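> Next one to model:
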Amino acid sequence: MIGAASFSAAAALGRSLAAAAATKPPPPPPPRWAALRESGGRRGLGRARRGSAALRAHAEDRELRTPHSGYHFDGTVRPFFEGWYFKVSIPQCRQSFCFMYSVENPAFPNGMGVLDRMLHGHRFTGVGAQILGPDDKYICQFTEESKNFWGSRHELMVGNTFLPVRDSSPPTSEVPPQEFRERVLEGFQVTPLWHQGFIRDDGRSNYVQTVKTARWEYSTRPVYGWGDVKSKQKSTAGWLAAFPIFEPHWQICMADGLSTGWIEWDGERFEFEDAPSYSEKNWGGGFPRKWFWIQCNVFEGASGEVALTVGGGLRKLSGLADNYENAALIGVHHKGIFYEFVPWNGTVSWKIALWGHWQLSGENETHVVEVEATAKEPGTPLRAPTTEAGLVTACKDTCFGDLRLQIWERSNDGSKGKLILDATSNMAALEVGGGPWFSQWDGKTQPPEIISSALRVPVDVESFFPISIFKPPGL
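Sure thing, here's the model as predicted:
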């Protein structure tokens, strides 16, 4: 495994070379080829160069906004990370782009000095940007400093400048796309409706196939948040996610969206219109001890937009020494309806191989679900924030998974009734992480009864804070 300390030299070298070579980002090359989704009359927000002022005006008051969209850092020196994940899939060429951003221990924006270590012990710090792209190739850029990172307290808006344009100051909040190009040589900014950036691989990932550069600009129209389309959106982990109980917390921010724009991958330009997209986030003290994950919103065999998210792990319960619980969920959006299978409304069971096979089933009071996925590809190692070693390889992913999703109505005797969804995909994103994984992981959700009972109580935490300035960070 490659420690976060090794990030500095390569990143510094990349910054100095880039600064010497240019003071402004070069103009994007012409497209080599385009992949357009047949939208059936549905259009995205338009071309990706649309200004961000109009997008920002709608971002904070949108119907599909989920709880915990904001940046959860509270300014204290407690161990803390937050990570964001954005995926765009292009069915016509069976390729996906997965953007992963993370910030670690931002209480130390310039890294940890000698006095900091004496007072607080050793911590890993910094900001990372990773992309898993076409053919499962990879790019990563990292800095041990977070002084040029920014995040909105209550909205899904984050950004970082790895290298500013010469004589320009890094942005401290979202800026219009043209201004971003004029001020940021290497970095990113993302909101629910707009995403742009440029990163340069810093040479630390010689164990995988990498690309040298990536540049992107695209807009997004959310289709599903986390809940029924015409209802208030839900916290993925229930209302207790507003309190430091789980390590880590997890929130799906957008189960499905339609993205329009372009991504340049090592000089090759991918253009897309109404491409299926997805976003989620994690935050807390550290990742689960081990985990699995599935996400897919490109399906055959079903009408309308279908989105599947599966996640499970051995996660720590804060304040209870080394007490861990098996937690998992299956969430499906179809035709505007959200089918939720979570520990407080039913059960979820799983059989997860070390790699290559994911099998899950779940039931609640009204429905039964089954998910099975396989991967023929070897997968690509990705990094995740860890308390032991910082941002290091901790999981393995592919975006070429074969998957089948089935949902039935539940009969009075608990058996499967009418089949209401039977869909397949060959573009599922699949992941296993943490460990150690010595054999197949067979598990079932078994939350402590006190937590399960609490989550069954309908509590709207956001209603406790009608004035945003009094809301806890992130909510």
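
> tell me the helices in the protein, going along the chain?
Listed in chain order, the helices found in the chain under DSSP state H are 7-21, 52-59, 114-120, 177-183, 449-455.

> The ones you listed: lowest mean pLDDT?
Least confidently modelled of these is helix 7-21, at a mean of 37 by mean pLDDT.

> Of all residues in this protein, which one is nearest the centre?
When CA atoms, centre = their mean is applied to the chain, the residue found nearest the centroid is residue 85 (2.0 Å).

> List the contacts of that residue.
98-100, 278-281 (CB atoms under 8 Å, 6 or more residues apart in numbering). For the C-beta atoms, the positions are set from N, CA and C on the backbone; glycine is no exception.

> With residue 340 instead?
Contacts of residue 340 were listed using CB under 8 Å, 6+ apart, and they are 234, 329, 331, 364.

> switch the cut-off to 6 Å
Contact criterion CB atoms under 6 Å, 6 or more residues apart in numbering gives residue 331 as the residues in contact with residue 340.

> pLDDT score for it?
The predicted structure scores residue 340 at 98 on the pLDDT scale.

> I'd like the distance between it and residue 363.
Separation of residue 340 from residue 363 (CB to CB, to the nearest Å): 11 Å.

> From the contacts of residue 85, pick the one nearest residue 243.
Distance to residue 243, by CB to CB, is smallest for residue 281 among those, at 17.0 Å.

> Report how many residues lie close to the nearest residue to the closest one once chain neighbours are set aside.
On the basis of CB to CB, 6 or more residues apart in numbering, the spatially nearest residue to residue 281 that is not a chain neighbour turns out to be residue 84, at 4.9 Å. Summarising burial for residue 84: neighbours were counted as other CB atoms under 10 Å, giving 21.

> hang on, residue 84 packs against residue 280?
No - taking contact to mean CB atoms under 6 Å, the distance of 7.7 Å between residue 84 and residue 280 leaves them out of contact.

> From the chain's centroid, how far away is the longest strand along the chain?
The single longest strand within the chain, with elements called by DSSP state E, is strand 390-410. Taking the mean of its C-alpha atoms, strand 390-410 sits 13 Å from the chain's own mean (CA atoms, centre = their mean, to the nearest Å).

> hmm, back to that, any figure for the gap between the residue nearest to residue 281 and residue 162?
In this structure, residue 84 lies at 16 Å from residue 162, with CB to CB as the measure.

> send the alpha carbons of stretch 270-284 over as PDB?
This file holds the C-alpha atoms of stretch 270-284, laid out as PDB (Å, rounded to 0.1, in the frame of the first residue of the first chain):
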ATOM      1  CA  PHE A 270     -16.300  12.200 -24.800                       C
ATOM      2  CA  GLU A 271     -19.400  14.200 -25.400                       C
ATOM      3  CA  PHE A 272     -22.800  13.200 -24.000                       C
ATOM      4  CA  GLU A 273     -26.300  14.400 -23.600                       C
ATOM      5  CA  ASP A 274     -28.700  13.200 -20.900                       C
ATOM      6  CA  ALA A 275     -26.200  10.600 -19.700                       C
ATOM      7  CA  PRO A 276     -27.300   8.700 -16.500                       C
ATOM      8  CA  SER A 277     -25.500  10.100 -13.500                       C
ATOM      9  CA  TYR A 278     -25.300   9.600  -9.700                       C
ATOM     10  CA  SER A 279     -23.800  11.200  -6.600                       C
ATOM     11  CA  GLU A 280     -23.200  10.200  -2.900                       C
ATOM     12  CA  LYS A 281     -21.000  11.100   0.000                       C
ATOM     13  CA  ASN A 282     -19.400   9.800   3.200                       C
ATOM     14  CA  TRP A 283     -18.100  11.600   6.300                       C
ATOM     15  CA  GLY A 284     -16.900  10.800   9.800                       C
END
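
> Buried by neighbour count: which residues of stretch 381-388 qualify?
By neighbour count, and taking 16 or more other CB atoms under 10 Å as the criterion, the buried residues in stretch 381-388 are 381-386.

> Residues contacting that stretch from elsewhere in the structure, which ones?
With CB under 6 Å, 6+ apart as the criterion, stretch 381-388 contacts 81, 102, 104, 286-287, 391-397.

> can you rerun that using 7 Å?
Outside of stretch 381-388, the residues within contact range by CB atoms under 7 Å, 6 or more residues apart in numbering are 79, 81, 83, 102, 104, 128, 130, 132, 140, 207-208, 285-287, 391-397, 433.

> quick one: contacts for residue 120?
So, once contact is read as CB under 7 Å, 6+ apart, residue 120 ends up touching residue 77.

> swap that for residue 309, please
252, 255, 295, 331.

> Which two among these are spaced furthest apart?
295 and 331 (9.9 Å).

> re earlier: buried residues in the longest strand of the chain?
Neighbour-count burial for strand 390-410, with 16+ other CB under 10 Å as criterion, is recorded at 390-401, 403-408, 410.

> Please identify the pairing partners of it and their relative orientation?
For strand 390-410, sheet partners with direction are given as strand 367-374 (antiparallel), strand 380-386 (antiparallel), strand 416-434 (antiparallel), following DSSP bridges.

> Can you pull the poorly scored residue ranges out of the chain?
By pLDDT under 70, the weakly predicted segments of the chain are 1-62, 241-242, 319-321, 447-448, 450-452, 455, 467, 470.
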